[in-house]
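Asker: give me a model of this one.
(2 chains)
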Amino acid sequence: MKIVMYGAGGPVAEAAIAALEVRHTLRLCDIRPPSEPHPSLKGAATGNASRWWPSRPARRDHEFRQVDVTNPDQVRDAAEGMDAIVNLTVVRPDPVMAFRVNLVGAYHVMDAAVAHGIRRVVHTGPEVVIDHYWHDFDITAEAPPRPGTNLYLITKYLGQDVVRSFAEVHGLDVVALYFHVFQPGDAPERMKGASPFLVSWADTGRAFQAAVEAPPMPNAYEPFIITGDLPHGRFGSEKAKRLLGWHPQDRFEGHWRRPAVREGI
Amino acid sequence: MSSTRTALVTGAWGPGQELAEIVAFRLGAEGWHIRSTAPHRSDAGHWADHHVGDLRSPEFIEALLADLPGGGASEADIDPAGRSGGVIVVHLAPLVAVADAAIAHPGNPAEALDIATRGTYRLLMGCLSTGIGRVVQASSLSSFDAYEHGLEVTEQWRPRPGPNADDLAPYLAELTAREFTRDPLVHNPLEVTCLRLAALRGGDDSSRPPTDIRAMWTVDAARAIGLAIAAQATGNRGSDRGHRWRILHVASGAPDARYTSAIAHQVIGYSPAWLDTASTGTREGAR
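Answerer: Model (predicted):
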């Protein structure tokens, strides 16, 4: 399958590429050229950050195009001849670009899908169900989004609604993967402040592979919570298992044990 | 500024010009000071306190809100009981975002989404930081046109905007504003009444409903806005079950109108002007 990936320069993309490059032909697009490292890999933090990044055991070269997702012509050109789209573009703190990338960019990507007759689009974004369901359990991807006024969450939420509109009106087949926290599967401790909505890099990659290869979805816009099988009972991946055939393998079991048990006291 | 009540009217330009003028005229007659704003300069309109600028600019927002009553207060200093005071925002800008984009970004209608949402976000952030607590926002009923013609679509139906800027710009501005009414991390959430309006038709013949069943007279939209402002000012929360976000559908009220205004009639007392003068119409016949 020929897949165009927007926002291919970040760590989630690296995990996705690691899984997809085994069987598929990739056209990678990003606003930064490959020669320019991702911001999280610059400067003094390079050592820690590079250890934290996903690995690509089957690494090989791919076509690259420098694409600004806010430019509709560039986005559309990059989708030509492709069978599927993976959109990983995101801007978090910038008060201007968060809207332009997360919302207007999503519009351009979906417009490109329609223009080239590409039905399978893998859209991505953050969970928007944590803060406002803080005291709830058994939360599914169908829970009404509650982004609040947080810049990052609200702009991605608005982008989701744009994608959904395109999908429903044009009969597309959108798989929307919602993430929260990523860690290497062998991370000894949980990230400080992390909610029990956590997935390993390897399982993240497998989620993209499943999302691209899965049979048609029941709904034009089908959202999924992508989390490992964690014991808390707050967020579940049952739907992803059922519809995508995705089964997370990393459970981070050591993260949830009492210190005394971890240390064998 | 001698008036103790101020209405900030956004989108007072282009396709929003007539609606803004009627709203301003009526509020002015009731003693409100009107401050208006628009993305582009216009020869039309006679605004006394008019500011041309981009709502997406934090600097413009700061200047726009700075000397309004309540302006300059920090969010932490604002008494919730005082927030219903003398300032209201009549946010019409989402209705003119597409026209704005056509000028600012010709050939790229998707820019209207940025204009509508980021402008709303910045404006409402400014409201939070300056203590302005009440907003009446205009949106569009076009997000429901996808439903089968014969269905009685009400506020209880999910919007189904088409993937185009005309539908998405006002709809996404709604979603943006709604979060400002219910974010538990916001110290004093806003109170927003969102009026989804039928397609606006200007002109003088408002003695009868427009022939287009999806349309309404602009004077009636202005009337609904005035009623929504009055309802907020009097603390009439209607049947909103404690929510600070209220949404009302406002249409022509004609018997064959595509969209019903029944809830707006019930909650804020909306009825179209043509019913007051129509020789054959009856109030019971309005939808």
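Asker: need the strands for chain A, in chain order.
Answerer: A:2-6, A:25-30, A:63-66, A:84-87, A:120-126, A:173-179, A:181-183, A:198-200, A:221-225 (DSSP state E).
Asker: ok, and which of these has the densest surroundings?
Answerer: strand A:84-87 (a mean of 27; mean count of other Cβ atoms under 10 Å in any protein chain shown). C-beta coordinates here come from the backbone N, C-alpha and C atoms, glycine included.
Asker: which stretches of the chain have low pLDDT?
Answerer: Going with chain A. Scanning chain A for pLDDT under 70 picks out A:43-51.
Asker: you answered for a different chain; I wanted chain B.
Answerer: Applying pLDDT under 70 to chain B flags residues B:1-3, B:44-45, B:69-85, B:204, B:237-240, B:277-286.
Asker: rerun at 90
Answerer: Per-residue confidence of chain B (counting by pLDDT under 90) places the weak regions at B:1-4, B:41-48, B:66-86, B:107, B:203-209, B:233-243, B:273-287.
Asker: within range of chain A, give me the residues from it.
Answerer: Contact residues (Cβ under 8 Å from any Cβ of the partner chain) of chain B with chain A: B:56, B:58, B:108, B:110-111, B:113-114, B:117-118, B:121, B:125, B:146, B:160-163, B:167-168, B:171-172, B:175-176, B:179-180, B:182-186.
Asker: buried subset of those?
Answerer: Buried members of the residues of chain B next to chain A, scored by 16 or more other Cβ atoms under 10 Å in any protein chain shown, are B:56, B:108, B:110-111, B:113-114, B:117-118, B:121, B:125, B:160-163, B:167-168, B:171-172, B:175-176, B:179-180, B:182-183, B:186.
Asker: next, the contact list for residue B:227, please.
Answerer: When contacts are counted by Cβ atoms under 8 Å, 6 or more residues apart in numbering or on different chains, residue B:227 touches B:264, B:268-270.
Asker: just the helices in the chain please.
Answerer: Here I'm looking at chain A. Remark: helices assigned in chain A by DSSP state H are A:11-20, A:46-52, A:72-79, A:97-99, A:106-115, A:151-170, A:201-213, A:238-239, A:259-262.
Asker: you answered for a different chain; I wanted chain B.
Answerer: Along chain B, counting by DSSP H, helices occupy B:17-29, B:58-66, B:97-104, B:111-130, B:165-182, B:218-233, B:262-268, B:273-277.
Asker: would you list those helices in JSON lines and tack on distance to residue B:141?
Answerer: As requested, the helices of chain B are exported to JSON lines (distance: least, Cβ to Cβ, whole Å):
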{"stretch": "helix B:17-29", "distance to residue B:141": "15"}
{"stretch": "helix B:58-66", "distance to residue B:141": "28"}
{"stretch": "helix B:97-104", "distance to residue B:141": "16"}
{"stretch": "helix B:111-130", "distance to residue B:141": "16"}
{"stretch": "helix B:165-182", "distance to residue B:141": "9"}
{"stretch": "helix B:218-233", "distance to residue B:141": "11"}
{"stretch": "helix B:262-268", "distance to residue B:141": "11"}
{"stretch": "helix B:273-277", "distance to residue B:141": "18"}
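Asker: nearest to residue B:4, out of those helices?
Answerer: The closest of those to residue B:4 is helix B:218-233. By Cβ to Cβ, the value is 12.3 Å.
Asker: now that closest one: buried residues?
Answerer: Counting neighbours by 16+ other Cβ under 10 Å, one finds that the buried residues in helix B:218-233 are B:218-229, B:231-232.
Asker: what of stretch A:209-221?
Answerer: Buried-residue list, stretch A:209-221, by 16+ other Cβ under 10 Å: A:209-212, A:214, A:217, A:220-221.
Asker: circling back to that earlier point, now, which of the contacts of residue B:227 sits nearest chain A?
Answerer: Of all the contacts of residue B:227, chain A sits closest to residue B:264, with 24.0 Å by Cβ to the nearest Cβ.
Asker: does that closest one touch residue B:249 like I think?
Answerer: Yes: the criterion here is Cβ atoms under 8 Å, and residue B:264 meets it with residue B:249 at 6.3 Å.
Asker: next, the contact list for residue B:268, please.
Answerer: Applying Cβ under 8 Å, 6+ apart to residue B:268 gives the contacts B:224, B:227-228, B:230-231, B:236, B:238, B:248.
Asker: let's see 7 Å
Answerer: By Cβ atoms under 7 Å, 6 or more residues apart in numbering or on different chains, residue B:268 lies in contact with B:227-228, B:231, B:248.
Asker: which phi and psi does whatever residue of the stretch 1-150 of chain A ends up closest to chain B have?
Answerer: Among all residues of the stretch 1-150 of chain A, residue A:148 sits closest to chain B, at 3.9 Å; criterion: Cβ to the nearest Cβ. Dihedral angles of residue A:148 (phi, psi; degrees, to the nearest 10) stand at phi 70, psi -160.
Asker: tell me, how many residues neighbour it?
Answerer: Residue A:148: 19 surrounding residues under other Cβ atoms under 10 Å in any protein chain shown.
Asker: would you confirm that it contacts residue B:178?
Answerer: No: contact criterion Cβ atoms under 7 Å: residue A:148 and residue B:178 do not qualify, at 10.4 Å.
Asker: how far away is residue A:55 from residue A:184?
Answerer: 9 Å (Cβ to Cβ, to the nearest Å).
Asker: please disregard the earlier target; I meant residue B:117.
Answerer: 36 Å.
Asker: can you tell me which residues contact the residue nearest to the spatial centre of chain A?
Answerer: A centroid search over chain A (Cα atoms, centre = their mean) returns residue A:124, at 4.1 Å, as the residue closest to the centre. Counting by Cβ under 7 Å, 6+ apart, residue A:124 touches A:12, A:87-88, A:177, A:179.
Asker: count of residues packed around residue 190?
Answerer: I went with chain A, as the question did not name one. For residue A:190, the neighbour count with other Cβ under 10 Å is 17.
Asker: my question was about chain B, not that one.
Answerer: Counted with other Cβ under 10 Å, residue B:190 comes out at 25.
Asker: got a list of what the nearest residue to it once chain neighbours are set aside touches?
Answerer: Once flanking residues are discounted, residue B:190 sits nearest to residue B:180: 4.6 Å by Cβ to Cβ, 6 or more residues apart in numbering or on different chains. By Cβ under 7 Å, 6+ apart, the residues touching residue B:180 are A:149, B:124, B:186, B:189-190, B:192.
Asker: state the distance from residue B:180 to residue A:162.
Answerer: Distance from residue B:180 to residue A:162, by Cβ to Cβ: 20 Å.
Asker: over to residue A:169?
Answerer: Going from residue A:169 to residue A:162 by Cβ to Cβ gives 11 Å.
Asker: the two: who's more crowded?
Answerer: Taking neighbours as other Cβ under 10 Å, residue A:169 and residue A:162 compare with residue A:162 leading, 27 against 17.
Asker: hang on, isn't that one packed against residue A:106?
Answerer: Yes: with contacts counted by Cβ under 7 Å, residue A:162 reaches residue A:106, the gap being 5.0 Å.
Asker: how about the residues of chain A near chain B?
Answerer: Neighbours of chain B within chain A, by Cβ under 7 Å from any Cβ of the partner chain: A:72, A:99-100, A:103-104, A:107-108, A:110, A:132, A:147-149, A:154, A:158, A:161-162, A:165-166, A:169-170.
Asker: now do 6 Å
Answerer: By Cβ under 6 Å from any Cβ of the partner chain, the residues of chain A that approach chain B are A:99-100, A:103-104, A:107, A:148-149, A:154, A:158, A:165-166, A:169.
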